[in-house]
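Q: My questions concern the predicted model and sequence given below.
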Amino acid sequence: MVKLAIATALLMSAFTLPMHAANTMMKCDDASMMKAQSDVDAMTGPMAKEKKAMASKEMMMAKESMKAKKMDDCKMHMDKAMKSMGKM
């Protein structure tokens with residue numbers, strides 16, 4: 001009985017994990033870009049210098065992807081920027 005409950009819980013989590021991961025991706029729109037850029041600009045301190053440089057690079061690539069209408073690439077770069085800032 002306990003094994004069945006554990007197996008059911010594992011099976012349910014296997015189906016909900018991909019849905020959760022899809023919802024955590026950033027949107028590639030002007031509002032999200034502005035919010036992310038303001039978060040990058042707000043990073044200060046000597047420890048954040050390298051993280052800020054990486055996040056800025058990813059934001060630049062996200063903007064280029066957005067201009068080229070490559071939304072999947074844009075979302076990927078936005079996510080990388082957020083991860084490099086420690087937001088995800």
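A: Now that the structure is in, tell me what you want to look at.

Q: Work out for me the element the residue nearest to the spatial centre of the chain sits within.
A: Nearest to the geometric centre of the chain sits residue 79, at 2.4 Å (CA atoms, centre = their mean). If you go by DSSP states H and E, residue 79 is part of helix 71-85.

Q: pLDDT weak spots in this protein?
A: 1-25, 88 (pLDDT under 70).

Q: still on that earlier bit, ok, the residue nearest to the centre of the chain to residue 26 distance?
A: Taking CB to CB, to the nearest Å as the measure, residue 79 falls 6 Å from residue 26. (C-beta placed from N, C-alpha, C; glycine too.)

Q: in the host helix or strand of residue 38, what counts as buried?
A: Taking DSSP H and E as the definition, one finds residue 38 inside helix 30-41. For helix 30-41, the neighbour count (16 or more other CB atoms under 10 Å) marks 32, 33, 36, 37, 39, 40 as buried.

Q: Which of these sits closest to residue 54?
A: Ranked by distance to residue 54 (CB to CB), those are led by residue 40 at 9.7 Å.

Q: so is the residue lying closest to the closest one once chain neighbours are set aside in a helix, a strand, or just coil?
A: For residue 40, ignoring the flanking residues on the chain, the nearest one in space by CB to CB, 6 or more residues apart in numbering is residue 55 at 4.7 Å. Here residue 55 is recorded as helix under DSSP: H, G, I helix; E, B strand; the rest coil.

Q: just checking, residue 55 touches residue 85?
A: Yes: under the criterion of CB atoms under 8 Å, residue 55 makes contact with residue 85 at 5.0 Å.

Q: Pull up the overlap in contacts between those two.
A: 40, 43 (CB atoms under 8 Å, 6 or more residues apart in numbering).

Q: out of the two, which sits in the more crowded spot?
A: Neighbours per residue (other CB atoms under 10 Å) separate residue 55 from residue 85, with residue 55 holding more: 25 against 20.
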